[in-house]
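In: Quick check, what structure comes out for this input:
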Amino acid sequence: MARTATTVPRPRRRLPPLRLSDLPWGRIATFVIVVATIGALIYSQIDVHELHRKAARMPAALALTLLAILPLLGFPVSILHVAAGIRFGAVLGLPLVALTILLQLLASYAIVRVWRTHFERARWVERVRKRIPKGAHSSICIFAVLLPGAPYAGINYVLPITGVPLRTFILCCLPLHTLRSTVTVIFGDQSDNLTPARLAGLVAYALTVLGVSFWMYRRLRRQFENPPAAAGDRKRHA
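Out: Take a look at the predicted model:
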């Protein structure tokens with residue numbers, strides 16, 4: 001009677017804890033300075049008080065509809081979240097933004113499912129799915145959302161295309177998208193009354209997001225370097 005060969009899974013290397021010295025502070029500081037400079041130039045050219053007065057006259061239903069639909073079409077979501085803070089204020093704007101983010105995630109997932117056959121014919125989709133280690137979907141979602149400069153619509157469409165389950169997609173992306181939106185909504189609400197302390201808070205938040213993004217990149221890289229055995233590998237050793 002032939003013996004069945006068994007394979008012993010390789011132990012995963014423990015991810016080292018995040019150390020402040022591991023972060024690329026030079027690049028992070030450069031990015032924050034560039035963004036802050038551009039923002040300051042734009043801010044100096046706008047009559048913020050007049051902008052708040054005009055926003056207050058905009059119908060709430062129209063503002064909420066634009067806030068929900070435009071991001072699905074690729075419009076920069078940060079601008080819309082700033083506008084939501086201007087129109088609704090932080091107290092009402094934050095829950096409304098969270099609601100629209102949930103609707104956008106569900107809509108993005110549904111759109112991908114409707115066009116699933118078209119996407120699955122693309123070779124790059126198959127290659128990406130094969131390279132994703134088992135159990136890494138949560139890490140991929142977190143990294144994608146925290147990645148500086150990644151387009152909001154692109155994240156919400158690409159993750160379902162790569163095979164991220166709906167539950168993981170919602171549980172990971174909703175809180176992180178919402179958390180990132182808090183700064184822009186609050187900035188919109190307070191844009192006519194900015195103080196050095198509030199600006200310092202925004203910069204500190206940007207540094208935190210960039211630092212976590214870098215750490216999550218390292219975590220994903222480790223998972224790709226030492227993935228668990230795939231189903232095909234286990235069958236070949238049986």
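
In: So, low pLDDT: which residues of this protein?
Out: 1-48, 117-136, 148, 206, 209-210, 212-213, 216-238 (pLDDT under 70).

In: now with 90?
Out: Within the chain, the stretches with pLDDT under 90 are 1-58, 78-79, 82, 113-151, 154, 158, 161-164, 179-184, 186-238.

In: which residues of it fall in helices?
Out: 25-44, 48-57, 60-69, 77-114, 116-120, 123-131, 137-146, 152-161, 166-190, 196-225, 231-237 (DSSP state H).

In: Count the residues that sit near Ile155.
Out: Ile155: 20 surrounding residues under other CB atoms under 10 Å. All C-beta spots, glycine's among them, are computed from the backbone N, C-alpha and C.

In: Chain neighbours aside, what residue packs nearest to it?
Out: Ala144 (4.9 Å; CB to CB, 6 or more residues apart in numbering).

In: Check the gap between the one you found and His49 for me.
Out: 37 Å (CB to CB, to the nearest Å).

In: same deal with Ser108?
Out: For Ser108 relative to His49 (CB to CB), the value is 36 Å.

In: more crowded one of those two?
Out: Each of Ser108 and His49 has its neighbours counted (other CB under 10 Å); Ser108 has more, 23 against 11.

In: so who does the more buried one touch?
Out: Applying CB atoms under 8 Å, 6 or more residues apart in numbering to Ser108 gives the contacts 72, 153, 156-157, 160.

In: Among these, which one lies nearest to His81?
Out: Ala153 (13.8 Å; CB to CB).

In: Hmm, Tyr205 is touching Val183, no?
Out: Yes - using CB atoms under 8 Å, Tyr205 is in contact with Val183, at 5.3 Å.

In: who has more neighbours, these two?
Out: Val183 (18 against 15).

In: unless I'm mixing things up, that one is touching Leu202, no?
Out: Yes - between Val183 and Leu202 there is a contact under CB under 8 Å: 5.9 Å.

In: For Tyr205, see how far away the residue nearest to Ile155 is.
Out: Counting by CB to CB - Ala144 and Tyr205 are separated by 19 Å.
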